[in-house]
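[1] Return atomic coordinates for the entry below.
(chains A and B)
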Amino acid sequence: MITAVNVSRWYGQVIGVNDINCEIGPGITALLGMNGAGKTTLIRLITGQLRPTTGELRVFGLEPFANPEVYRRMGYCPEIDNFYEHYNGREFVRYLARLDGMNAKEAARRTDEVIDMVGMTERAGKKIAGYSKGMRQRIKLAQAMLHDPDLILLDEPLNGLDPVGRREFMDLLGDLANRGKAILVSSHILFEVEQMTRSLLLLHRGRLLATGDLGIIRSLIDKHPHQIRIDTDEPRRAAELLAGLPNIVSMKFDRAGDSIQLEVREPSAFYDALQDAILDKNLAIRGFSSPDNNLESVFKYLVES
Amino acid sequence: MELAIFNQAFRENLRFKRVIPWIVLGVICTLFAMNWETFQPGSDKAQQYGSVSSIFVFHILALTSAILTSTIMTQEVEQKTIVYLLTRPVPRWKLLIFRYLACSLVVAILAIIDAVMVNAGVYSGIGSAANLGRDIAALTVGAFAYGAFFMLIGLLFNRAMIVCLLFAFGWESAVPNMPGQMCYLSINSYLQAIAQHPSAGGNKPMGLLSSSAGDNTLSSGTGYIAMIIFSVVLVVFGAWWFTSFEYLPREDAE
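    Numbering: from 1, shown residues only, chains lettered A, B, ... in the order given. This is a model prediction of the structure:
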């Protein structure tokens, strides 16, 4: 559905995306990258808000810039949080339904349907100005699904959604993907994306760093030592208990003496062994964190490897 | 689809919060109209109405248009809602033209309300149909002509409102009073030709204020033709421009 060949986009002297080559078909694809990686630029190119500086981008075989034929089959949920604040949710969605070419009756019917799909039926009559971040997000999703598009682009769609909302939204995306829709979801949170899809496009500083299955990327990451921090009042005893575990590369105490910092390989194997080693021996643990289990570290590992 | 674009823009511009300053201005104009004899002693009612209309109503027309029409698209860009509009299966030119038509109609309505109030003020509530009729025609044509110009400025430049306000107050007040053919470079001159306001007599300051001190010899017909051609050319050019170039929320584009 989407084909990019050597696509680059410059903003004056600043590069937005650089030499992107990819093909995106049906199913959920995650566009992953840190803030400023070029995710939004790529989405804006695909949605025809921008033109590539060089290269060729096609959506449904057509050039997307200002092309109504493309928009007829595309739904877009932007990252921005702006609306006509004095409208209520239903009015906003209905207006966009009219712009999709529906007559008044059809627009009203379809508006009610999509508002129901995103769980906003009860609150759609309230002014958008009074909406929470999560409610705004749901209304944006609703307008993206109005005309039952074949391709849906979602720019950071889970921002502001509560856990229940996230779960419902992910289920909804799963249903749409099962119906043969192509869904491109941008995010900077790896954990979030992992729950939705295995298919990834990894952007870093405007370049497409990796494409393909999340498992391969994960295994690459898992071979690299992970940092794990354990907060406890008995760090020495903890160290004693942990020393025998497999996959530990290094261990050090922090200066305050109330935590221990580990470097481990294959963290999942380590976590499995951790329970027997520590928790069953009544060691009080106040906190547990993995400071480098984030996207920034993923990119660091990938760039280094 | 076209009707939806038009209706949304029309209702948006006629929101009470937006209209209230123009109603207040209309009331102020009416108060001036009721007491205009103080400023132009010895003049007849037609002259008084012509002066008040030229000085206030036609300048309010330019001001209203500068404020409402220059933001037809820039407001959407600044509040970032442009994204929703540009990713819909509606050709960009339709989006622009129907919003322009709605916005210009609102400007015309607001200016006509002011003209009616001024007319009622000068003629003590009875009004003069002949003067008012010509003014309504001139204000309607003017709303669309100014609208086309300010819309284009809004599409071409950042912070277009400043340029438009300078044009509405500076250019449109000064140029019609200039000697020779300079006055033909002002929209106001053509509108005055359509309105056919009676001259201010020998009252030079009043002539300058009402933008009738220049050598404007345009006929009413020429005024209509020139303004229609002007509006159509600018709207077509604006539609082409808006279809061909990128419009992104401002800070994202910089």
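[2] Show me which residues of the stretch 1-150 of chain A sit near chain B.
    Residues of the stretch 1-150 of chain A found near chain B (CB under 8 Å from any CB of the partner chain) are A:11, A:40, A:44, A:47-51, A:66, A:68-69, A:71-72, A:74, A:76, A:78, A:80, A:82-84, A:86, A:95-96, A:98-101, A:143, A:147. Yep, even glycine has a C-beta here, placed from its N, CA and C like the rest.
[3] Where helices are concerned, which of these count?
    Taking DSSP state H, the ones among the residues of the stretch 1-150 of chain A next to chain B that sit in helices are A:Thr40, A:Arg44, A:Pro68, A:Glu69, A:Tyr71, A:Tyr95, A:Leu96, A:Arg98, A:Leu99, A:Gln143.
[4] Pull out the buried residues from those.
    The neighbour-count test (16 or more other CB atoms under 10 Å in any protein chain shown) applied to those identifies A:Thr40, A:Arg44, A:Tyr71, A:Tyr95, A:Leu96, A:Arg98, A:Leu99, A:Gln143 as buried.
[5] Show me where the chain dips below the pLDDT cut-off.
    By default, I'm working from chain A. Of all residues in chain A, those with pLDDT under 70 make up the ranges A:215-223, A:279, A:291-300, A:303-305.
[6] that's the wrong chain, I meant chain B
    Counting by pLDDT under 70, chain B contains low-confidence residues at B:125-128, B:200-203, B:207, B:210, B:213, B:249-254.
[7] Which helix runs longest in it?
    Every helix in chain B considered (DSSP H), the longest is helix B:92-122.
[8] okay, the angle between the helix or strand following that one and helix B:92-122?
    Following the chain from helix B:92-122 toward its C-terminal end, the next helix or strand by DSSP states H and E is helix B:129-156. An angle of 140 degrees separates the directions of helix B:129-156 and helix B:92-122 when computed by axes from the mean of the first three to the mean of the last three CA atoms, to 10 degrees.
[9] so how far is helix B:129-156 off the chain centroid?
    On the basis of CA atoms, centre = their mean, to the nearest Å, helix B:129-156 is displaced by 5 Å from the centre of the chain it belongs to.
[10] name the helices or strands packed onto it?
    For helix B:129-156, the elements it packs on are helix B:45-52, helix B:58-69, helix B:92-122, helix B:160-166, helix B:187-195, helix B:220-244, judged by 3 or more CB pairs under 8 Å, 6 or more residues apart in numbering or on different chains; DSSP states H and E.
[11] Find the nearest non-adjacent residue to the residue of chain A found nearest chain B, please.
    Per CB to the nearest CB, A:Arg98 is where chain A lies closest to chain B, at 3.4 Å. Across the structure, with CB to CB, 6 or more residues apart in numbering or on different chains as the measure, the residue nearest A:Arg98 apart from its sequence neighbours is B:Ala4 (3.4 Å).
[12] of all the residues in chain B, which ones are close to chain A?
    Those residues of chain B that sit near chain A, judged by CB under 8 Å from any CB, are B:1, B:4-5, B:8, B:12, B:15, B:79-81, B:83-92, B:243-244, B:246-249, B:252-254.
[13] Quick one: buried ones out of the residues you listed?
    Neighbour counting with 16+ other CB under 10 Å marks B:1, B:4-5, B:8, B:12, B:80-81, B:83-92, B:247-249, B:252 as buried within those.
[14] Rebuild the helices and strands packed on helix B:129-156 as CSV, extending it with distance to B:Ile136.
    Below are the helices and strands packed on helix B:129-156 laid out as CSV (distance: least, CB to CB, whole Å):
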stretch, distance to B:Ile136
helix B:45-52, 13
helix B:58-69, 11
helix B:92-122, 5
helix B:160-166, 24
helix B:187-195, 9
helix B:220-244, 13
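[15] Which among the ones you listed is found nearest to B:Lys204?
    Closest to B:Lys204 of the helices and strands packed on helix B:129-156, according to CB to CB: helix B:45-52, at 12.7 Å.
[16] The closest one - contacts with which helices or strands?
    Judged by 3+ CB pairs under 8 Å, 6+ apart, the packing partners of helix B:45-52 are helix B:16-34, helix B:92-122, helix B:129-156.
[17] if we go to 7 Å?
    Using 3 or more CB pairs under 7 Å, 6 or more residues apart in numbering or on different chains; DSSP states H and E, the elements in contact with helix B:45-52 are helix B:16-34, helix B:92-122.
[18] before we move on, back to that, so which of the helices and strands packed on helix B:129-156 is nearest A:Ile2?
    When these are compared by CB to CB, helix B:92-122 sits nearest A:Ile2, at 21.7 Å.
[19] quick one, what contacts A:Ile115?
    The contact partners of A:Ile115, taken as CB atoms under 7 Å, 6 or more residues apart in numbering or on different chains, are A:Gly89, A:Arg90, A:Val93, A:Thr121, A:Ala124, A:Ala142.
[20] Just confirm it is within a helix.
    Yes - using DSSP: H, G, I helix; E, B strand; the rest coil, the secondary structure at A:Ile115 is a helix.
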